[in-house]
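Asker: okay, structure incoming, though there's no sequence with it:
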């Protein structure tokens, strides 16, 4: 076979062809590598991969927050001055964005500002102002408080201490520039309740609900006139129930405690639930603490409201005993067997209803007016709800035997405000 002969020119051309092909492949490889790196960098740096702003990182593929449109406001049903509103018009009582607003619009006109004047007595005048020629006459003392209309013919509930000893009572309505002069109809000093009346018809009024259906943690709305700032609205919850509180020597039982702001001037105003029902009468603020207020339960109000409307001054009844909670020492001292809790009579006032009925020291109270006895405040509350002259059945444990007594209630003297 003949050997192929290569000349110099052909050899150089062949080498150039091979070198050119390699360069083409190298360029293509570099281009592909750059493309892969660039695509990876793009995917890593893309805006939807992550977003970092002020230290906040949104995970990849996070769904955007939907834009929420504000719900359309539906005004509350029109309130007719001549008729009470429907307590169920606010729905189920669950707090929503416009619940408080609806309550205020529906109930605010029924809340009133009460101002009082106490004219100086003649003896005080002579003592405090012995030289009227030089100093002029003594000025009357002024006070203010709150209240609410509970009947369309102008009957108003408030605290007794708001109108007590007042020579002139003026009621200011939110929807009327002209003030009304009011008169006292009935009072219950021991419960710090009073009913006053203004002349007229067709006033907007509130529905009094049942405080027995209230629980700790329930939302409440208070409307009143603290420091004369009329129709101030505060919101809070029921913090506790059944609180005893002594104010100026008077012992009040079963008060509702709330963290809704209650300040001087709120006294007598309504405490409302989320259905717009009155479940308490704002009556006191604890000056030694912040965010603690008290209200008289509506159940206490309803127990005496008929008497107050009829013009009867409600006098606190009593049976005339002092009590102690059951303790281990008491059990041993009075030699009571099989008793771990209850209330024991510590003393009986001579000549009082309990003494006349036959109760004596050392008797263990088991039942009062059909209710099982659990503590001393419960006994006081049961007696306070009855009227003077009522006969109450009391069952005690004496010498291991249950004994029944019928006790006729008498008026409680002012010197013993805390004794049932």
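Answerer: Good, I have the coordinates. Quantities reported herein were computed from a predicted structural model and do not represent experimental measurements. Residues are numbered from 1 along each chain as shown.
Asker: which of the helices and strands in the chain ranks last by mean pLDDT?
Answerer: strand 51-53 (a mean of 45; mean pLDDT, DSSP states H and E).
Asker: quick check: phi and psi on the closest residue to residue 160 other than its chain neighbours?
Answerer: Nearest residue to residue 160, sequence neighbours excluded (CB to CB, 6 or more residues apart in numbering): residue 194, at 4.4 Å. To be clear about C-beta, it is placed using only N, CA and C from the backbone, and glycine gets the same treatment. The phi and psi torsions at residue 194 (degrees, to the nearest 10) take the values phi -150, psi 150.
Asker: so what's residue 194 bridging to?
Answerer: residue 158, residue 187 (DSSP bridges).
Asker: surely it is in contact with residue 165?
Answerer: No: Residue 194 is beyond contact range of residue 165, at 11.6 Å (criterion: CB atoms under 8 Å).
Asker: who's more crowded, the two?
Answerer: A count of neighbours by other CB atoms under 10 Å puts residue 194 above the other of residue 194 and residue 165, at 27 against 11.
Asker: contacting residues for the more buried one?
Answerer: Residue 194 sits next to 157, 158, 159, 160, 162, 163, 164, 184, 186, 187, 188, 308 when contact means CB atoms under 8 Å, 6 or more residues apart in numbering.
Asker: now with 10 Å, please.
Answerer: 147, 156-164, 166, 169, 184-188, 268, 308, 313-314 (CB atoms under 10 Å, 6 or more residues apart in numbering).
Asker: buried subset of those residues as a PyMOL selection?
Answerer: The PyMOL selection below is limited to those of the contacts of residue 194 classed as buried (16 or more other CB atoms under 10 Å):
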select buried, resi 147+156+157+158+159+160+161+162+163+166+169+184+185+186+187+188+268+308+314
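Asker: mind listing which of the contacts of residue 194 are in helices?
Answerer: Within the contacts of residue 194, residues falling in helices by DSSP state H are 160, 161, 162, 163, 308.
Asker: for my notes, confirm residue 31 occurs in a helix.
Answerer: Yes: under DSSP: H, G, I helix; E, B strand; the rest coil, residue 31 falls within a helix.
Asker: can you give me the distance of it to residue 38?
Answerer: Separation of residue 31 from residue 38 (CB to CB, to the nearest Å) stands at 11 Å.
Asker: now the common contact residues for the two.
Answerer: Residues within reach of residue 31 and of residue 38 at once, by CB under 10 Å, 6+ apart: there are none.
Asker: what ranges do the strands span in the stretch 251-400 of the chain?
Answerer: 270-272, 278-285, 293-297, 317-318, 321-325, 343-348, 364-368, 371-372, 391-398 (DSSP state E, counting those that start in this stretch).
Asker: which residues of the stretch 301-420 of the chain score low on pLDDT?
Answerer: For the stretch 301-420 of the chain, the stretches with pLDDT under 70 are 314, 334-341, 413-420.
Asker: now do the helices in it.
Answerer: Remark: helices assigned in the stretch 301-420 of the chain by DSSP state H, counting those that start in this stretch are 328-333, 353-357, 376-384.
Asker: for the first one, packing partners?
Answerer: Secondary structure elements in contact with helix 328-333, counted by 3 or more CB pairs under 10 Å, 6 or more residues apart in numbering; DSSP states H and E, are strand 343-348.
Asker: do the same with the second one
Answerer: Helix 353-357 sits against strand 317-318, strand 321-325, strand 343-348, strand 391-398, strand 401-408, strand 410-411, with contacts defined as 3+ CB pairs under 10 Å, 6+ apart.
Asker: try it again at 8 Å.
Answerer: strand 343-348, strand 401-408 (3 or more CB pairs under 8 Å, 6 or more residues apart in numbering; DSSP states H and E).
Asker: could you report the neighbour count for residue 223?
Answerer: Neighbour count for residue 223, taken as other CB under 10 Å: 24.
Asker: so who does it touch?
Answerer: For residue 223, the contact set (CB under 8 Å, 6+ apart) comprises 104, 107, 108, 111, 146, 148, 231, 232, 233, 269, 270, 272.
Asker: can you classify it by secondary structure?
Answerer: Classification of residue 223 by three-state DSSP places it in strand.
Asker: is it in a bridge, and if so with what?
Answerer: Here residue 223, judged by DSSP bridges, has bridge partners residue 233.
Asker: likewise for residue 410?
Answerer: In this entry, residue 410 is beta-bridged to residue 318, by DSSP bridges.
Asker: select, out of the strands of the stretch 251-400 of the chain, the one closest to residue 115.
Answerer: Counting by CB to CB, residue 115 lies closest to strand 278-285 out of the strands of the stretch 251-400 of the chain; the figure is 17.2 Å.
Asker: quick one: the closest one to strand 293-297, angle?
Answerer: 140 degrees (axes from the mean of the first three to the mean of the last three CA atoms, to 10 degrees).
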